[in-house]
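Engineer: need a 3D model of the sequence below.
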Amino acid sequence: MRILGIDPGYERLGIAVLEKNKHSKECVLFSECFKTSAKLEFNERLFLIGEEVKEIIKKLKPEVLSIETLFLNTNHKTVMQVAEARGVIIYEATRAGLEVFEASPPQIKIATTGYGRANKEQVIKMVKILVKVDKNKKSDDELDAIAIALTAFACLKK
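Structural biologist: Predicted coordinates:
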């Protein structure tokens, strides 16, 4: 099974595709931190996000989208814009026939570290233990996307 993990955002989008066969460990087929320029209009940034997700789905053919739920903070404008980016991502995945799995931050922490209140460093350390990650991959967004995909593998049990 292949899972597309996405750490949603509109400036930086963590994207990873992981695969697992019946008797094998999860492996990372693809990961990146996709960036959009702040110089662009917001609607153009959403368009670029949608196009990137559509291309990755077309090229790597995942069966499931695993995406992080929104974490509410005090900056309502940011939350709304991330929600809109999530909408574009979920739309593209649904349009391509992917099952959509949403994971909360505590679910992701439990699936990767076994502790729902783990900090970011603990999650990143465990991601690097659980799957082989290119040493040049240092983006937190990219590593978070891998953790989000790993969470779907743990929860869906397919």
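
Engineer: nearest residue to Lys25 in space, ignoring adjacent ones along the chain?
Structural biologist: Take Lys25 and drop its neighbours on the chain: the residue closest to it by CB to CB, 6 or more residues apart in numbering is Val131, 7.3 Å away. From N, CA and C alone the C-beta is placed, and that goes for glycine too.

Engineer: list the contacts of that neighbour.
Structural biologist: When contacts are counted by CB atoms under 8 Å, 6 or more residues apart in numbering, Val131 touches 18, 25-28, 146, 150.

Engineer: can I have the buried ones of those as a ChimeraX selection?
Structural biologist: To isolate the buried subset of these in ChimeraX, counting by 16 or more other CB atoms under 10 Å, use the following:
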select :18,26,28,146,150
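
Engineer: would you turn the contacts of Val131 into JSON lines with distance to Lys138 and secondary structure?
Structural biologist: As requested, the contacts of Val131 are exported to JSON lines (distance: CB to CB, whole Å; DSSP: H, G, I helix; E, B strand; the rest coil):
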{"residue": "Leu18", "distance to Lys138": "18", "secondary structure": "strand"}
{"residue": "Lys25", "distance to Lys138": "22", "secondary structure": "coil"}
{"residue": "Glu26", "distance to Lys138": "20", "secondary structure": "coil"}
{"residue": "Cys27", "distance to Lys138": "19", "secondary structure": "strand"}
{"residue": "Val28", "distance to Lys138": "14", "secondary structure": "strand"}
{"residue": "Ile146", "distance to Lys138": "13", "secondary structure": "helix"}
{"residue": "Leu150", "distance to Lys138": "18", "secondary structure": "helix"}
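
Engineer: coming back round to it: what pLDDT does the residue nearest to Lys25 get?
Structural biologist: Model confidence at Val131, expressed as pLDDT, equals 94.

Engineer: which phi and psi does it have?
Structural biologist: phi -140, psi 150 (degrees, to the nearest 10).
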